[in-house]
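[1] could you work out the structure for the sequence below:
(2 chains)
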Number of protein chains: 2
Amino acid sequence: MTAQGPIAAEIESGGGAWRFPANQPLRLDSGATLAPLEVAYKTYGRLNESRSNAVLICHALTLDQHVASAHPTTGKPGWWARTVGPGLPLDTNRYFIICANVVGGCMGSTGPASTDPATGQPYGLGFPVITIGDMVRAQAMLIEALGIETLFAVVGGSMGGMQALQWAADYPKRMQSVVCIAAAARHSAQNIAFHEVGRQAIMADPNWRGGAYLAESVRPEKGLAVARMAAHITYLSEAALQRKFGRELQRDGLSWGFDADFQVESYLRHQGASFVDRFDANSYLYITRAMDYFDLAANHGGSLTEAFRKARAVKFCVLSFSSDWLYPTAESRDVVRALNAAGCRASFAEIVSDKGHDAFLLDEPQLDQTLRGFLEAQASARGLK
Amino acid sequence: MTAQGPIAAEIESGGGAWRFPANQPLRLDSGATLAPLEVAYKTYGRLNESRSNAVLICHALTLDQHVASAHPTTGKPGWWARTVGPGLPLDTNRYFIICANVVGGCMGSTGPASTDPATGQPYGLGFPVITIGDMVRAQAMLIEALGIETLFAVVGGSMGGMQALQWAADYPKRMQSVVCIAAAARHSAQNIAFHEVGRQAIMADPNWRGGAYLAESVRPEKGLAVARMAAHITYLSEAALQRKFGRELQRDGLSWGFDADFQVESYLRHQGASFVDRFDANSYLYITRAMDYFDLAANHGGSLTEAFRKARAVKFCVLSFSSDWLYPTAESRDVVRALNAAGCRASFAEIVSDKGHDAFLLDEPQLDQTLRGFLEAQASARGLK
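    Next up is the predicted model:
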């Protein structure tokens, strides 16, 4: 419930954690309910008087609400600090930016590490399985609680892009525009497979303790690190790995052992080791499961077009990256085709980049330009200053 | 030293394990030596009187010498039973087929599970790090011991293809032809990264015991299964996974838990679980390391062309699969370019297939035809009946 003061001097930031009382449960797609529900969020910029300049950013699997301000655990800059700020594509002089930690997460929103009111212990595997739809429903509760009727835009990359599409399907009257970057309308077999490897790595760690590790004061760090390493490869491209690391060695000559000989090994080990400091293993299980379950068409009679049928007043921007093999351009094209068939207005761009899926977080001028251009056009059309 | 009788009625098979005495050590690229050395092998067909019809097959990472006869542990048909046999592309009526378990392996050749003569215990991590060059050197010792001066062909897919190229570089006078399928002349950063994930999964398993698990009567089965699951995804293609599994469920409806909901999860879990029954975790570490270290140009002043300079009398056939993202066609083209620059005669084909890397083990008529055609042309040119 702590409202935080500004972190970066140049961005007015706020936020806190909204706690919904037990009589306002989150109704889950599984049929279960979650209460009490807490939604941790950050804001940047100011809400205008007409409450018409709010942009909701939806975060990816392992990211969080700290979009443009220092991460409280790592102290590193926000994950989209290069995109959100004064004069940046998501201009905090113009827009009021909101980002909420997803339900199931581990940065303040209710998740498997939260206390189960029924037991007084951390939920662990007693936490209900959640969906992308549940994440969005919790965000909608927050947005309503904040007194915002209509969002200017819902913007997200990767799992955030899935949420943005789900927003359009579930709350088509509550946003003017949607930006979906490097995502898809459903998770492919290959993506499910990679997630399953990560989950098995976590569950194979004896310190996982059937999900009850927090009560036993241990953490499945090795398993979670392996999960992260496997996933991290999928966020890059072969070309990016070759360019960044190739077969470069850590030292002169080979070790003739199992130390990290190659720079790419050392890099991956570092990715695994640093991840466990900031992420909860059970949250990783639940959020990857939500992504695997995601299939926007499935809840609309198998038709993605039907999913978007009520969103004809929403303007869409769909972006993909040419070297993204986790969410290849073909899957973004499927989204655009369904949007067109539903009568929605959608602009689409495949951004040529060799940086793979992670390109949405990196220095990609064409991404900045496209994002800025789309939002400015929408803002002008709506008379937003 | 047991010579085995025929297993499949239609193929005359033989083989055994050749034990080189301590005074015939294997000299390793690391500078170490390995003695005594045992090389387990299988043969199919008959060596002709002029000893001119011998074909050496080099096996891939997790395969073995049981090419065309039942696997002694699993009872399953040989991994290339559809390619090696009477009337098949590697026709046992015509050729004498030899396949040896690689040094470092776990199917009879000396590896980390073998007894270290210095301690009387399994080597474990006391086993020296080996290379693709060491594997080939051990095979060359076997071929010489079998009294075969010149091989008609050296044939291999994946890591077997790496060995075939290494044979051409190291023993250019000892074969007439080389077939390299779905391989590369060096391991890419992405491939090293995936191997490192697998190794970390094994070493994260507390039952790994610093590599000394055999002495403690445990096995890092969970870690090895995770390693196999991660690797297995890379052997397929996204299209093949989508076609085979898509988002098909195991049962009607979702489990809302962490059971295997999707068929692709169940399939992967099965791949992991069945692998640990037939493979040794330390062998997995050592053989993946050998693949990571593989860089044929590196030992020739950085020039792949130089590596092949002495192989101008050898006929090469290089094959790739269009959907193989582990060893993409571009890497086979690099090999062909170097062969051409070295003045070697090479035919090359990219076989259009959506089956990914594993296509070399599967029903691919174009592979069969190309393999048969290349070998028959060589056989005719050499007057082989």
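[2] what about residue A:135, helix or strand, and which?
    helix A:132-145 (DSSP states H and E).
[3] does that helix reach chain B?
    No. Judged by C-beta under 8 Å from any C-beta of the partner chain, helix A:132-145 stays clear of chain B, getting no closer than 11.4 Å. C-beta here means a position set from N, CA and C on the backbone, and glycine is covered the same way.
[4] show me the contact partners of that helix.
    In this structure, residues lying in contact with helix A:132-145 by C-beta atoms under 8 Å, 6 or more residues apart in numbering or on different chains are A:18, A:20, A:24, A:26-29, A:37, A:39, A:41, A:54, A:56, A:58, A:98, A:100, A:102-104, A:109, A:151, A:159, A:162-163, A:166-167, A:170-171, A:174, A:290-291, A:293-294, A:299.
[5] just the buried positions in it, please.
    A:132-143 (16 or more other C-beta atoms under 10 Å in any protein chain shown).
[6] give the pairing partners of whatever helix or strand comes next after it; include direction for each.
    The helix or strand immediately downstream of helix A:132-145 is strand A:151-157, counting by DSSP H and E. When pairing is defined by DSSP bridges, strand A:151-157 lines up against strand A:54-58 (parallel), strand A:175-181 (parallel).
[7] quick check on the contacts of helix A:132-145: which are buried?
    A:18, A:20, A:26, A:28-29, A:37, A:39, A:41, A:54, A:56, A:58, A:98, A:100, A:102-104, A:109, A:151, A:159, A:162-163, A:166-167, A:170-171, A:174, A:290-291, A:293-294.
[8] closest to chain B out of the buried residues of helix A:132-145?
    Nearest to chain B, judged by C-beta to the nearest C-beta, of those is residue A:134 at 11.4 Å.
[9] pLDDT score assigned to the closest one?
    In this prediction, residue A:134 carries a pLDDT score of 98.
[10] roughly how far apart are it and residue A:287?
    11 Å (C-beta to C-beta, to the nearest Å).
[11] so what sits against both of these two?
    In contact with both residue A:134 and residue A:287: residue A:104, using C-beta under 8 Å, 6+ apart.
[12] where's residue A:276 relative to residue A:111, distance?
    16 Å.
[13] go through the buried ones among the contacts of helix A:132-145 and flag which are in strands.
    A:18, A:20, A:26, A:37, A:39, A:41, A:54, A:56, A:58, A:98, A:100, A:151 (DSSP state E).
[14] in CSV: those, plus pLDDT.
    Shown next, in CSV, are these (pLDDT from 0 to 100):
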residue, pLDDT
A:18, 97
A:20, 97
A:26, 98
A:37, 98
A:39, 98
A:41, 98
A:54, 98
A:56, 98
A:58, 98
A:98, 98
A:100, 98
A:151, 98
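[15] among those, which one sits closest to residue B:205?
    residue A:58 (36.0 Å; C-beta to C-beta).
[16] any idea how far apart the tips of stretch A:91-109 sit?
    Distance between the two ends of stretch A:91-109: 26 Å, counting by C-alpha to C-alpha, to the nearest Å.
[17] is chain B contacted by it?
    No. Interface with chain B: stretch A:91-109 contributes nothing (C-beta under 8 Å from any C-beta), its closest point being 13.1 Å away.
[18] quick one: the helix holding residue A:135 to strand A:151-157, angle?
    With axes from the mean of the first three to the mean of the last three C-alpha atoms, to 10 degrees defining the directions, helix A:132-145 sits at 150 degrees from strand A:151-157.
[19] I'd like the distance from helix A:132-145 to the chain centre, please.
    How far helix A:132-145 lies from its chain's middle: 14 Å, per C-alpha atoms, centre = their mean, to the nearest Å.
[20] still on that earlier bit, ok, residue A:276 and residue A:111, which is more surrounded?
    residue A:111 (25 against 19; other C-beta atoms under 10 Å in any protein chain shown).
[21] for the more buried one, give its distance to chain B.
    15 Å (C-beta to the nearest C-beta, to the nearest Å).
[22] residue A:230 now?
    From residue A:230 over to chain B (counting by C-beta to the nearest C-beta), the distance is 5 Å.
[23] surely that residue and residue A:200 touch.
    No. In this structure residue A:230 lies outside contact range of residue A:200 using C-beta atoms under 8 Å: 10.0 Å.
[24] ok, those two, which is more surrounded?
    The neighbour comparison of residue A:230 against residue A:200 (other C-beta under 10 Å) goes to residue A:230, with 29 against 26.
[25] need the per-residue pLDDT for the more buried one.
    98.
[26] where does it fall, secondary structure wise?
    Short version, using DSSP H and E: residue A:230 is in helix A:221-235.
[27] so which elements touch the next helix or strand after that helix?
    Sequence order places helix A:238-244 as the next helix or strand after helix A:221-235, per DSSP H and E. Judged by 3 or more C-beta pairs under 8 Å, 6 or more residues apart in numbering or on different chains; DSSP states H and E, helix A:238-244 is in contact with helix A:263-275, helix B:189-204.
[28] give the rounded mean pLDDT of the first one.
    In this model, helix A:263-275 has an average pLDDT of 97.
[29] so where's the stretch 1-150 of chain A shaky on pLDDT?
    Residue ranges of the stretch 1-150 of chain A with pLDDT under 70: A:1-12.
[30] what residues does it have near chain B?
    A:30, A:125, A:128-129.
[31] out of those, which are inside helices?
    Among these, none falls in helices (DSSP state H).
[32] which of the residues you listed ranks first by neighbour count?
    Most surrounded of these: other C-beta under 10 Å gives residue A:129, at 22 neighbours.
[33] you'd agree it is up against residue B:259?
    No. Counting by C-beta under 8 Å, residue A:129 sits too far from residue B:259 to count as a contact (10.7 Å).
[34] using CSV, write out every CA atom in stretch A:174-182.
    Output of stretch A:174-182 as CSV, limited to C-alpha atoms (Å, rounded to 0.1, in the frame of the first residue of the first chain):
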residue,chain,number,x,y,z
ARG,A,174,-12.5,0.4,-22.9
MET,A,175,-9.6,1.4,-25.1
GLN,A,176,-9.0,3.5,-28.2
SER,A,177,-6.0,1.7,-29.5
VAL,A,178,-3.9,-1.4,-29.1
VAL,A,179,-0.2,-2.0,-29.8
CYS,A,180,0.8,-5.7,-30.0
ILE,A,181,4.5,-6.3,-30.4
ALA,A,182,6.3,-9.6,-31.0
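[35] so the closest residue to residue A:298 other than its chain neighbours bridges to which residues?
    Nearest residue to residue A:298, sequence neighbours excluded (C-beta to C-beta, 6 or more residues apart in numbering or on different chains): residue A:186, at 7.5 Å. Beta bridges link residue A:186 to residue A:295, judged by DSSP bridges.
[36] residues touching residue A:186, list them.
    Residue A:186 neighbours (C-beta under 8 Å, 6+ apart): A:294-298, B:247.
[37] for the residue most central in space within chain A, give me its contacts.
    Most central in chain A under C-alpha atoms, centre = their mean is residue A:60, positioned 1.8 Å from the mean C-alpha point. Residue A:60 sits next to A:156-160 when contact means C-beta under 8 Å, 6+ apart.
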